[in-house]
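Colleague: I would like the atomic coordinates for the input below:
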Amino acid sequence: MPYQWTSEPGATPQTLKLWPHNSLPARGMAAFVLTTFTLICIPAIPLLGSPIFWGLLPFLLAAVWGIFYALQRNYHSRQITETLTLDGEAAHLVRHEPSGAVQEWDCNRYWTTITKYERDGPIPHYVTLKGKGREVEIGAFLSEDERVSLYDELQRAWRR
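Modeller: Take a look at the predicted model:
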């Protein structure tokens, strides 16, 4: 699961860290781009030394650069982290965006409502925390099953 309680259940404060999946690490991305470059160049080998090769080369390099750029953008957009801290009386949620922006929300734990929207939210099983007149999402980047599990764990943590 791409979230983890970093403190023992029942301990104060409880801290939950959430992050999106990272299925392709940097070494895997480099290997994929190199393999793509190699496979794209294989059909161009018979054309070496001909003017056709020089006409195709910019398009081959543009294709490899496009794949590299798309993977870099995807990696950068996955640099989201959320940290929920629960102490005896307060709940505090901090979200770090890929752009470096930080969003914070805090509320009295007693007045906080945890809601799971089965179908009414922007995504299925949308989990939110509501308190102090604001409703904030938590774990929107998780899969459906992980959001259901997160909702259950949040319910248990709030009861402790």
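
Colleague: can you pull up the bridge partners for the nearest residue to Gly131 once chain neighbours are set aside?
Modeller: Nearest in space to Gly131, with sequence neighbours left out and distances taken as CB to CB, 6 or more residues apart in numbering, is Cys107 at 3.0 Å. All C-beta atoms are positioned from the backbone trio N, CA, C, and that covers glycine. On the basis of DSSP bridges, Cys107 is bridged to Ala91.

Colleague: pLDDT value on Ala70, please?
Modeller: Per-residue pLDDT puts Ala70 at 95.

Colleague: SS state for the most centrally placed residue in the chain?
Modeller: In the chain, the centroid-proximal residue (CA atoms, centre = their mean) is Pro20; its distance is 2.5 Å. In three-state terms, and counting by DSSP: H, G, I helix; E, B strand; the rest coil, Pro20 is coil.

Colleague: do the same with the one 4 residues further on
Modeller: Leu24 carries the three-state label coil when classified by three-state DSSP.

Colleague: for it, give its distance to Arg78.
Modeller: Here Leu24 is placed at a distance of 10 Å from Arg78 (CB to CB, to the nearest Å).

Colleague: measure how buried the nearest residue to the residue nearest to the centre of the chain once chain neighbours are set aside is and give me the count.
Modeller: The shortest distance from Pro20 to any residue other than its chain neighbours is 4.2 Å, reached at Phe141 (CB to CB, 6+ apart). When counting by other CB atoms under 10 Å, one arrives at 17 neighbours for Phe141.

Colleague: Phe141 is in contact with Thr81, isn't it?
Modeller: No: with contacts defined as CB atoms under 8 Å, Phe141 does not count as touching Thr81, sitting 10.1 Å away.

Colleague: hey, what's in contact with both of those two?
Modeller: Listed as contacting both Phe141 and Thr81 by CB atoms under 8 Å, 6 or more residues apart in numbering are Leu18.

Colleague: got the contact list for Leu129?
Modeller: If a contact means CB under 8 Å, 6+ apart, then Leu129 has Ala91, Leu93, Trp105, Cys107, Thr112, Thr113, Ile114, Thr115, Glu135, Val136, Ile138, Leu154 as its contacts.

Colleague: so what does the fifth one have for phi and psi?
Modeller: Thr112 has phi and psi values of phi -80, psi 140 when expressed as degrees, to the nearest 10.

Colleague: what does Arg78 give?
Modeller: Its backbone dihedrals place Arg78 at phi -90, psi 10, with angles given as degrees, to the nearest 10.
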